[in-house]
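> Sequence first, then the predicted structure:
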Amino acid sequence: YKTLKDYADSLLQTVPEDYLPVNNILTLQSRRIMYKLYVLSFVYGIEEDVAYKERAMAEIRMAGTFPSWHPNNFLGTAELTNGISVAYDWMYNGLTSEERKEIEDIIINNGIFHGVESYEGIANDFFTTAESNWNVVCNGGLLTAAVALADNYPNISEYIFQHASKSIPLCLEPTYAPQG
């Protein structure tokens, strides 16, 4: 725990990530933000110090202002959706109703919306039929959001559950068989 707390403390002295895609891909930045949100929201849950929540909210708000989460490379979109959804869930009881709505809108507009487009074949749907870990990572990010938002958005969540449950099996045997 000390290592995580020390890292969270160091993040309190930093500013949120600026929008810096590399070759129109946001994956590396999405992973950094996801990890920061895991740590900040986890430590907030233990310490109940609003400084961690406010720093996580600053990161979420900055990501919400990005002009694109580059859904054409859905891996980064899914990881950012995952990180924000986990932070939303872990900080939920300490969030105001306005903060909850703000995060919900960011998740839906920047993550879930593009996932639905992929499931419907409107946008890049590579991950929906991929026989690689892209499938489980991308579907996993959307499923994390669906679980986090299920109480307030049951129809959206059910849609994600249904489509992900059809997509994920396509990669399990090719990727993980026979050893598991």
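Sure thing, it's come through. Numbers count the residues shown, from 1 in each chain.
> what sits against E117?
Contacts for E117 were tallied using CB atoms under 8 Å, 6 or more residues apart in numbering; they are 71, 123. From N, CA and C alone the C-beta is placed, and that goes for glycine too.
> nope, T27 is what I meant
By CB under 8 Å, 6+ apart, the contact list for T27 reads 73, 75-76, 79.
> Tell me the confidence at it?
pLDDT, the model's per-residue confidence, is 92 for T27.
> cool, F126 as well?
According to the per-residue confidence, F126 scores 89 in pLDDT.
> separation between L12 and L142?
In this structure, L12 and L142 are 30 Å apart, going by CB to CB, to the nearest Å.
> quick one, which of these two is more surrounded?
L142 (31 against 13; other CB atoms under 10 Å).
> hang on, the more buried one packs against I160?
Yes. Taking CB atoms under 8 Å as the contact criterion, L142 and I160 are neighbours in contact, 5.0 Å apart.
> Mutual contacts of the two, please.
In the contact map built from CB under 8 Å, 6+ apart, the residues linked to both L142 and I160 are 112, 115.
> Remind me which helix or strand K5 belongs to.
Element membership for K5 (DSSP states H and E) is helix 2-11.
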